[in-house]
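Undergrad: how would this look folded up:
(one chain, ligands or ions: 1)
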Amino acid sequence: MESTRNKLIQLLAENKESYISGQMLSDQLHISRSAIWKHMKELERDGYEIEAKSKRGYRIIKSPEKITENTILWGLKTNWLGKKVIHREMTSSTQILAHQAAKQNEGHGTIVVADEQTTGRGRMSRTWHSKKGSGMWLSMILKPELPPYLAPQLTLLTAVALADTISEISNTKPLIKWPNDILFSNQKKCAGILTELQAEQDKIQYVVIGIGLNVNQELSDWPDEIQERATSLSIETNKQWEIQSIMQHFLSEFEQTYDNYMVKGFSEIKKRWEAYGFKLGELITIQNLHETRRAIFSGIAEDGALLIKNEDGSLEKLYSGEIDW
Ligand code: BTN
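TA: Below is the predicted model of the structure:
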């Protein structure tokens, strides 16, 4: 039942500009025309607006804005990612929920989504503001067959898939600030990634990758000190966005990138990441307890480290430390 509904939504979504006939739907889905009609009625109950015209067929006029497990599933074009959705209108943090779910054996590819997070968390114990309905608050449970030391590559891979998604849907050129911030050219941050690992010595049990993408916020949605650094897709493009279609786009992009990485390794991700790299090839300032120095940001290393070129020409990997971009 559900997979027929998925296929139906997909067929309708692919033919958004035109009508698709009841006969064609019935042939493709191997169900009767009256069964198609019943599905249409249920879609309408879920908030879809469907136009039915005699002799022409059906057409989706409007998809529901409200996110539910079903509306995420319908129209999702992935093979394994997001096939199980845990959705909450409100939760403390999708990361917390995803860890609980993974511990209860939820499988590879399960996603946790919330409309609102009351204690959304960012890197280094920072707060992630997650106002209701204003952004994509998503955590993915993955169980990759990788040694734990390669986990940072997953963060970089996620950043690439997210930057690709933003650039494809909005025709903008986002930048990735090492390791995981997505910025616009005005250097304001619109997204962040939080990768949390549960591992034994040489085996990843599971990873939870959390993505926070600011979509429809206005500046006044953030406290003053954050307004200087934050932005949303809506602020940058002057329009409101439908969060679940962005999520569906991202999930497809992520799945393809991940599958490709599992077969071909990291080198393609590295190239794609560097194409988005904020301040790549430029001088940056590195500060730690003992010193402040300048070096050229020359790329990322296989293990996800930041590669810098010192004044004496030597290359060095950095894993942490304050970088004054
Ligand atoms: C950062 O830039 O510091 C990372 C931010 C990650 C935020 C996302 S929102 C979905 C998921 N749930 C959380 O509590 N955090 C991540």
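Undergrad: contacts and neighbour counts: CA atoms only from here.
TA: Will do.
Undergrad: tell me the contacts of the one residue sitting closest to the centre of the chain?
TA: Centroid-nearest residue in the chain, with CA atoms, centre = their mean: Phe250, separated by 4.8 Å. Contacts of Phe250 were listed using CA atoms under 8 Å, 6 or more residues apart in numbering, and they are 161-162, 165.
Undergrad: So which of those is the closest to the ligand?
TA: Taking CA to the nearest ligand atom as the measure, the ligand lies nearest Leu162 of the contacts of Phe250, at 12.6 Å.
Undergrad: Next, count neighbours for that closest one.
TA: Number of residues near Leu162 (other CA atoms under 10 Å) recorded here: 27.
Undergrad: List the contacts of it.
TA: 250, 253-254.
Undergrad: in this structure, which spans are strands?
TA: Using DSSP state E, the strands found in the chain span residues 49-53, 57-62, 85-91, 111-117, 135-142, 175-177, 181-183, 189-199, 204-214, 283-287, 292-300, 306-309, 315-318, 322-324.
Undergrad: now those strands in TSV, with distance to Ser220?
TA: Shown next, in TSV, are these (distance: least, CA to CA, whole Å):
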stretch	distance to Ser220
strand 49-53	33
strand 57-62	29
strand 85-91	21
strand 111-117	17
strand 135-142	15
strand 175-177	24
strand 181-183	19
strand 189-199	15
strand 204-214	13
strand 283-287	31
strand 292-300	34
strand 306-309	34
strand 315-318	36
strand 322-324	27
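Undergrad: Let's have the ones you listed in CSV, adding mean neighbour count, mean pLDDT and distance to the ligand.
TA: Below are the strands of the chain laid out as CSV (neighbours: other CA atoms under 10 Å; pLDDT from 0 to 100; distance: least, CA to the nearest ligand atom, whole Å):
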stretch, mean neighbour count, mean pLDDT, distance to the ligand
strand 49-53, 15, 91, 30
strand 57-62, 18, 90, 27
strand 85-91, 18, 96, 9
strand 111-117, 25, 97, 7
strand 135-142, 26, 98, 4
strand 175-177, 24, 97, 10
strand 181-183, 24, 97, 6
strand 189-199, 20, 97, 3
strand 204-214, 24, 98, 4
strand 283-287, 16, 92, 20
strand 292-300, 19, 94, 18
strand 306-309, 20, 94, 17
strand 315-318, 14, 93, 19
strand 322-324, 12, 81, 15
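Undergrad: what sits up against stretch 112-130?
TA: Against stretch 112-130 from outside (CA under 8 Å, 6+ apart): 67, 85-95, 97-98, 131-140, 192-194, 212, 222.
Undergrad: Tell me the spacing between Thr78 and Leu43.
TA: Note on Thr78: its distance to Leu43, by CA to CA, to the nearest Å, is 21 Å.
Undergrad: Looking only at neighbour counts, state which of the two leads.
TA: The neighbour comparison of Thr78 against Leu43 (other CA under 10 Å) goes to Leu43, with 20 against 17.
Undergrad: What's the separation between the more buried one and the ligand?
TA: Separation of Leu43 from the ligand (CA to the nearest ligand atom, to the nearest Å): 28 Å.
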